[in-house]
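*Asks:* okay, here's the prediction I keep looking at, along with the sequence it came from:
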Amino acid sequence: MSLMAAMNQRALDLGVPLSVHLDVTYRCNERCVHCYLDHDDHGEMTTAEIKNVLAQLSEAGVFFLTISGGEVLMRRDLFEIIEYARGLLFDVKLKTNAVMVREAEARRLRELGVDQVQVSVYSHRPEVHDAITKLPGSLRRSIEGIRFLRAQGLKVMIANVLMASNFSDYEGVQELARELGVTYTLDPTITPKMDGDRSIVSLGVGAPALDRIFHDSTLVGDVESFCAPPPAPGEDIMEGYPCSAGHTACYISPYGDVYPCVAFPLPSGNVRQQRFIDIWQGSPQLNEVRSIRAKDLPTCSSCAHVGTCTRCPGLAYMEGNMRGPSTADCQKSFTRTGIASANMLKKAQERSVGPLIQIQGLADRNSMPAHIS
Amino acid sequence: MTNSQISAKYIARSSAIAARMLGGEMMIMSVKDSTFFTLDPVATAIWQAADGCTSLSEIVATRICTEFDVSQETAMADAEQLAEELAAHGILLISDQPVAERPIPSHPTSSYSIANSQPPRGIQ
């Protein structure tokens, strides 16, 4: 077990929130077509309130702090917040579109000891990127920002959210990342808006695109291993947890609302009304999330993919049941392996559309059976 | 630098790190290269006392030998080795003069720390 894995296990055993994602604002200078946030300011926490929360997080044992938004640089007190966080010895990662990062901002981030800056880039082509952000010139500005960050020696990661409109450009973004000397990560999942509106989910990539991604060794490494049929789950899998949300990690909104994860909008308390540690330890919602083992999932516990699926409990929650399947992850598991999920089989049976073969030959995996959605 | 020389040195915690106490061990990550360490309780005590103003020998005498079941000689040798290793990773700064370093909390601990008296294991 690596040191990091051992630390995660210890945090889990001790009930310590090792990682917190803190959004300091939902305001943004871009208007990305797929964004799940409302960009109005409904009463963000003040500088003093955020500092108070950071002190509480430090006391609670939080080590990894991701500061995000909205666009973090929309807050004039961002550097004051980061300086305070670094004084409390958090490992600070920042998410930004870098449009407002110039030399002075980059230098300040380096001086403050920010661990990593993640920048969203959707395409290497301005006409595609700017059409997604709805901010003319945004790709040029983001790339300039990345260059300023790199010139300071900061670690930068390009985050490439994939949709139908920019899917064909991901290799161009990979090449851009290489040219800039930064790391690259890809996310093919579009999450519903936090208010439950699912309309933006349709912007996401379909099965053929997922299939290409999952068979690209530059993204997944050993394709054969990545796409292998899932092994039979053991007891450790059935007794296991789906992810760190609510176990060693949580999310805090600009308004002080606490959720299990940024992608899991289950209201669990508010730091303006309660101490963070009281929410973390006593929230009925967080404790319910923590109580769920793989064996407790009514559909997924019987699925062949239960041990290897990337099932997101937050996406499942947004589909109506935190113990239920996440359709997007069912799709991924199927596309990756050619084996239909238990949820797919169940839906097919409910529609009474005839027999369904669960295990497909590799040659057939590009086409999902027409009666599975 | 030899071990006998370092004992007269002053040590200060670097500001280019992230750190937190977890279950009795200090987790430290170098911001420069993301190298990750954990310190056992004795190493943690030395790291926390590294204020840049207190010499290593004084730290050993006042913070280690009084709190842990270890001889002065053994503790000093372990402390010297630890300080050199941490300095090599940029986690500690070593100087023959008191070091002015950005003030950082000396006890960035969670409420979950567990006190014990394991022998020095240094960095892991």
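*Replies:* Everything's here; your move. Predicted model only: the values in this text are computed from it and were never measured.
*Asks:* quick check, pLDDT for residue 8.
*Replies:* By default, I'm working from chain A. Residue A:8 carries a pLDDT value of 91.
*Asks:* wait, chain B
*Replies:* 75.
*Asks:* doesn't residue B:83 belong to a helix?
*Replies:* Yes - membership of residue B:83 in a helix is supported by DSSP: H, G, I helix; E, B strand; the rest coil.
*Asks:* hey, where'd the strands end up in chain B?
*Replies:* Assigned by DSSP state E, chain B shows strands spanning B:10-13, B:17-22, B:25-30, B:36-39, B:51-55, B:92-95.
*Asks:* now do the stretch 201-350 of chain A
*Replies:* A:249-252, A:258-259 (DSSP state E, counting those that start in this stretch).
*Asks:* for the longest one, give me every contacting residue.
*Replies:* When contacts are taken as Cβ atoms under 8 Å, 6 or more residues apart in numbering or on different chains, the neighbours of strand A:249-252 outside the stretch itself are A:17-23, A:53, A:258-262, A:264, A:268, A:271, A:276, A:280, A:286. Just so you know, the C-beta spots here come from the backbone N, C-alpha and C atoms, and that holds for glycine as well.
*Asks:* hang on, the earlier thing: out of the strands of chain B, the one nearest residue A:63 is which?
*Replies:* Proximity to residue A:63 (Cβ to Cβ) singles out strand B:17-22 among the strands of chain B, at 4.3 Å.
*Asks:* just checking, what packs against that closest one?
*Replies:* Contacts defined by 3 or more Cβ pairs under 8 Å, 6 or more residues apart in numbering or on different chains; DSSP states H and E place strand B:17-22 against helix A:3-14, strand B:25-30.
*Asks:* the last one versus helix A:3-14: what angle between them?
*Replies:* Think strand B:25-30. Relative orientation of strand B:25-30 versus helix A:3-14 (axes from the mean of the first three to the mean of the last three Cα atoms, to 10 degrees): 140 degrees.
*Asks:* could I get the strands of the stretch 201-350 of chain A as JSON lines with mean pLDDT and mean neighbour count?
*Replies:* Formatted as JSON lines, those follow (pLDDT from 0 to 100; neighbours: other Cβ atoms under 10 Å in any protein chain shown):
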{"stretch": "strand A:249-252", "mean pLDDT": "98", "mean neighbour count": "25"}
{"stretch": "strand A:258-259", "mean pLDDT": "98", "mean neighbour count": "25"}
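*Asks:* between these, which gets nearest to residue B:85?
*Replies:* Judged by Cβ to Cβ, the one of the strands of the stretch 201-350 of chain A that comes nearest to residue B:85 is strand A:249-252, at 30.8 Å.
*Asks:* save the strands of the stretch 201-350 of chain A as a markdown table, and put in distance to residue A:66 too.
*Replies:* Listed next are the strands of the stretch 201-350 of chain A as a markdown table, based on distance: least, Cβ to Cβ, whole Å:
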| stretch | distance to residue A:66 |
| --- | --- |
| strand A:249-252 | 9 |
| strand A:258-259 | 14 |
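*Asks:* do you know which of these lies nearest residue A:239?
*Replies:* strand A:249-252 (19.8 Å).
*Asks:* can I get that closest one as PDB, trimmed to CA atoms?
*Replies:* C-alpha atoms of strand A:249-252 as PDB (Å, rounded to 0.1, in the frame of the first residue of the first chain):
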ATOM      1  CA  ALA A 249     -14.100  14.300   1.600                       C
ATOM      2  CA  CYS A 250     -16.800  16.900   1.300                       C
ATOM      3  CA  TYR A 251     -17.800  20.000  -0.500                       C
ATOM      4  CA  ILE A 252     -18.600  23.500   0.800                       C
END
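*Asks:* for that strand, the distance to its chain's centre please.
*Replies:* Here strand A:249-252 shows a centroid-to-chain-centroid distance of 12 Å under the convention Cα atoms, centre = their mean, to the nearest Å.
*Asks:* same question for stretch A:116-127.
*Replies:* Averaging C-alpha positions (Cα atoms, centre = their mean) puts stretch A:116-127 16 Å from its chain's average.
*Asks:* if I look at residue B:81, how far off is chain A?
*Replies:* From residue B:81 over to chain A the distance is 20 Å, taken as Cβ to the nearest Cβ, to the nearest Å.
*Asks:* can you report how many residues neighbour that residue?
*Replies:* 15 (other Cβ atoms under 10 Å in any protein chain shown).
*Asks:* ok, now residue A:116?
*Replies:* 19.
*Asks:* which stretches of the stretch 1-150 of chain A form strands?
*Replies:* With DSSP E, counting those that start in this stretch, the ranges of strands along the stretch 1-150 of chain A come out as A:19-23, A:64-68, A:91-96, A:116-120.
*Asks:* tell me what angle the first one forms with strand A:91-96.
*Replies:* On the basis of the same axes, to 10 degrees, strand A:19-23 is oriented at 30 degrees to strand A:91-96.
*Asks:* near chain B, which residues of the stretch 51-200 of chain A are found?
*Replies:* By the rule Cβ under 8 Å from any Cβ of the partner chain, the part of the stretch 51-200 of chain A lying against chain B is A:58-63, A:86-92, A:113-115, A:155.
*Asks:* kindly recompute the last result at 6 Å.
*Replies:* Counting by Cβ under 6 Å from any Cβ of the partner chain, the positions of the stretch 51-200 of chain A adjacent to chain B are A:61, A:63, A:89, A:90, A:91, A:113, A:115.
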